[in-house]
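S.K.: Generate coordinates for the sequence data below:
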Amino acid sequence: MIHPDQRSTLTDALTPPPGFRFESGFATTYSLDLVTLLTMPLHLAWMGSSSILLDPIDPLPVLEALRRTSDRLTVLCERGRIHIPRTASPLLGLLEGMVHEVAAPHGGAFHPKVWLLQFIGVDTAASTHLRLLVLSRNLTDDRSWDISVRLEGACGKARKPENRPLLDFVRRTVGLSGKELTPQRKDDVERLLSNLARCSWELPTNFDEMAFHSIGLDRKPNTWLPNPPSTGPWDELGVLSPFIAATALERLADLSRVPLFLVSRPESLDKLSEPTPGGFQKIWVLDDRAEASDEDDDLPGRIAGLHAKVYVGRRGWNTHLFLGSANATDAALVAGHNVEFMVELIGRTSRVGRPVDWKGQQGLLHLLVEYQRGQPPSPELEAQELALKTAHVSIVSSRLELRCIQNEAAWFMDLVGMNDVQLSGATLHVWPITLTEDRSHQVGQLPSAGDLRLGPMAAHEITSFVGFRLKLGTGTLAFTLQLPIQGAPEGRELEILKASLRNREGFVRYLSLLLGEWDPAGVAAGNASGRWAHGWTANAQDDPPIFEMLVRSYSRDPARISQVRQLLDRLSAEDGQLDESIVPPGFSELLHQFELAMPMQEEAK
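M.R.: Sure, this is the predicted structure:
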């Protein structure tokens, strides 16, 4: 049994265990919200402090968290399923190396939702801890009903054959990336795989066994179903799936003597020709009251409702719980076109419950109502939706690229390759997502010959992430693509850093992050600048907060002094000079005094 009041968040799951710090990570998702992804390094770097969920985004903690983690976290998503960010920010450009768009090898969707995280000991790097998350949830800010399993793992010496499906899944999905992984990312993945091969997992309470199921990555597509452990059917079977298809439901029902219940979305059920598909005894949907979200969370474009994918079967004394990404659709289960990942948990029925318990008083019953057949979508709306999807496929499959051009006043990006795009009667708006959508460029129903020029923009606003919004009738479809980019300025990250720092106050706030002085509680209370926000003196050597921060860092963690020097080197990389509107006068000289003292400190130890 899983109780609906037993809730967790992804950000909680990213918090390092006590005594450990984040080392590397690998994640897969179908759809991706870049602003949500932007907050993930913050949780990895600052142990999940709730204070970092700020709106608007505070750029300086984000910058420091990305510096610590971005080159060690690799995220794979379905190509063409990156959301339009709700906030335009140059910081989104810093995610380019982290994000890898992929396509399923058999023509379906790349649909798995898996996080594999590696933590190492703070005091000894020889101590390694792995964490696996298998989810039904995408890496988005949706407010849907999802399900997840979190497994903690310790690395031993012997290889664990039960991890083979997970090993193959990671290795093969990395090979699907549309762009080459950097050498460091390849090394991180290999170290992760080496530890994964020897990892023993701590099972959830009351479960005795576990198995992994990787779907859609074999050379040929294969059917996968939540089969019983031996010949013969399940005694009972229940299914939760937001998206469904008749053939898949029939195959699932055939697996069980008693197909107990199906829980799905009403709009998915309305599309089926049969009101009771597959012969399931009960058909349920979420109560509208369970789908309602708080007003603060009710933002346009946010998905709500059922999104969990669960198959729960009983055979003899045992209950088997399959959960993960696979819907009860033909593409996921029958045809095997989608890439999916599922985990199977096995426990005694007396301890973990029966399928019927899922819809009992202690289960989901108070969230569910019996399905009442509604009206299917009108043919006109279905035709409109199909046309938008066709245009989306045309854009995603086209060989688009960006070429950067600079004139005396600004930068521009030419979007090349639109000639081959078929818009199916829709109009299209295009813009770099570091800019607001009101600066988009409109493309007619038939793209004109030649390139589409985007801009003007500053150097720190150049990005390979491009937003597209299709409009047809009353319908709209919006998404982001990461495109190959040529001629981008070499110092883009430096320009983003300078634009984020802006002034001396910003520099000292960032300095507090580097030196470990950032107070998340102060940020949560609205004191984002902390005690260094006001009272500037003319010279850094005369400013007590700066001097005090350096003294504390020198005595506690002198390696941070070197990180500050690296920051100054970055800020002066262009012409060898520090901008005194950002860096207080005399700061470099003050830092040098601490650097001179560091060898003496080492000798005294």
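S.K.: Run through the residues that contact the residue nearest in space to the middle of the chain.
M.R.: Geometric centre of the chain, nearest residue: residue 139, 3.4 Å, by C-alpha atoms, centre = their mean. Taking C-beta atoms under 8 Å, 6 or more residues apart in numbering, we find residue 139 in contact with 10, 27, 29, 31, 32, 33, 36, 37, 40, 75, 77, 113. Quick note: C-beta positions are derived from backbone N, CA and C, even for glycine.
S.K.: of these, closest to residue 384?
M.R.: Ranked by distance to residue 384 (C-beta to C-beta), these are led by residue 31 at 21.2 Å.
S.K.: Contacts only, for that closest one.
M.R.: For residue 31, the contact set (C-beta under 8 Å, 6+ apart) comprises 77, 78, 81, 82, 83, 138, 139, 140.
S.K.: Please repeat the previous calculation with a cut-off of 6 Å.
M.R.: Neighbouring residues of residue 31 by C-beta atoms under 6 Å, 6 or more residues apart in numbering: 81, 138, 140.
S.K.: which SS class is residue 555?
M.R.: helix (DSSP: H, G, I helix; E, B strand; the rest coil).
S.K.: Hmm, which of the contacts of residue 31 is lowest in pLDDT?
M.R.: Ranked by pLDDT, those bottom out at residue 140 (92).
S.K.: That residue contacts residue 35, doesn't it?
M.R.: No - judged on C-beta atoms under 6 Å, residue 140 makes no contact with residue 35 at a distance of 9.5 Å.
S.K.: Any idea what the nearest residue to residue 209 once chain neighbours are set aside is bridged to?
M.R.: Distances taken as C-beta to C-beta, 6 or more residues apart in numbering place residue 346 nearest to residue 209, at 4.1 Å, with adjacent residues excluded. Taking DSSP bridges as the rule, residue 346 bridges to residue 209, residue 320.
S.K.: burial of residue 346, as a residue count?
M.R.: 17 (other C-beta atoms under 10 Å).
S.K.: Let me see the ranges of the strands in the stretch 101-250 of the chain.
M.R.: For the stretch 101-250 of the chain, the strands defined by DSSP state E, counting those that start in this stretch cover 114-121, 128-135, 143-145, 148-155, 199-202, 209-215, 236-240.
S.K.: Just the buried residues of the helix or strand containing residue 566, please?
M.R.: When elements are assigned from DSSP states H and E, residue 566 belongs to helix 559-571. By neighbour count on 16 or more other C-beta atoms under 10 Å, the buried set for helix 559-571 is 560, 561, 563, 564, 567, 568, 571.
S.K.: Stretch 428-439 now?
M.R.: For stretch 428-439, the neighbour count (16+ other C-beta under 10 Å) marks 428, 429, 430, 431, 432, 433, 434, 435 as buried.
S.K.: domains of the chain?
M.R.: Split into domains by automatic domain parsing, the chain comes to 10-202, 214-370, 380-486, 502-604.
S.K.: about what we covered before: go through the buried residues of helix 559-571 and name the one nearest residue 466.
M.R.: Among the buried residues of helix 559-571, and counting by C-beta to C-beta, the member closest to residue 466 is residue 571, at 29.2 Å.
S.K.: Distance of the closest residue to the closest one other than its chain neighbours relative to residue 585?
M.R.: Leaving aside its sequence neighbours, residue 571 sits nearest to residue 578 (C-beta to C-beta, 6+ apart; 5.9 Å). In this view, residue 578 and residue 585 are 9 Å apart by C-beta to C-beta, to the nearest Å.
S.K.: And these two? Which one has more around it.
M.R.: residue 578 (17 against 14).
S.K.: mind checking the SS state of the more buried one?
M.R.: What three-state DSSP gives for residue 578 is coil.
S.K.: Need the phi and psi values for it.
M.R.: In terms of degrees, to the nearest 10, the main-chain angles of residue 578 are phi -100, psi 130.
S.K.: That one contacts residue 572, correct?
M.R.: Yes - contact criterion C-beta under 6 Å: residue 578 and residue 572 qualify, at 5.1 Å.
S.K.: Mind listing the shared neighbours of the two?
M.R.: The contact sets of residue 578 and residue 572 do not overlap (C-beta under 6 Å, 6+ apart).
S.K.: Can you give me every residue that contacts residue 375?
M.R.: Contacts of residue 375 (C-beta under 6 Å, 6+ apart): none.
S.K.: pretty sure it belongs to a helix, no?
M.R.: No - counting by three-state DSSP, one finds residue 375 to be coil, located in no helix.
S.K.: For it, give its distance to residue 567.
M.R.: For residue 375, the distance to residue 567 (C-beta to C-beta) stands at 61 Å.
S.K.: pLDDT below threshold where in the stretch 1-150 of the chain?
M.R.: 1-8, 46-57, 125-126 (pLDDT under 70).
S.K.: can you give me the helices in it?
M.R.: Secondary structure of the stretch 1-150 of the chain (DSSP state H, counting those that start in this stretch): helices at 10-13, 34-46, 59-69.
S.K.: Only the buried residues of the last one, if you could.
M.R.: Applying a neighbour-count criterion of 16+ other C-beta under 10 Å, the buried positions in helix 59-69 are 59, 60, 61, 62, 63, 64, 65, 66, 67, 68, 69.
S.K.: Closest one of these to residue 128?
M.R.: Distances from residue 128 to these, taken by C-beta to C-beta, are shortest for residue 69, at 17.0 Å.
S.K.: Would you confirm that that closest one contacts residue 44?
M.R.: Yes - using C-beta under 6 Å, residue 69 is in contact with residue 44, at 5.0 Å.
S.K.: Leaving out sequence neighbours, find the closest residue to residue 261.
M.R.: residue 282 (4.2 Å).
S.K.: what about that neighbour, distance to residue 179?
M.R.: 47 Å.
S.K.: now swap in residue 205 and tell me
M.R.: Residue 205 is 41 Å from residue 179, by C-beta to C-beta.
S.K.: next one: residue 410
M.R.: Distance from residue 410 to residue 179, counting by C-beta to C-beta: 27 Å.
S.K.: just the helices in the stretch 151-300 of the chain please.
M.R.: 164-174, 183-196, 246-253, 266-270, 288-291.
S.K.: And those helices: which comes nearest residue 505?
M.R.: Of all these, helix 183-196 sits nearest to residue 505, with 33.5 Å by C-beta to C-beta.
S.K.: same for the closest one, what does it pack against?
M.R.: Helix 183-196 is packed against helix 164-174, with contacts defined by 3 or more C-beta pairs under 6 Å, 6 or more residues apart in numbering; DSSP states H and E.
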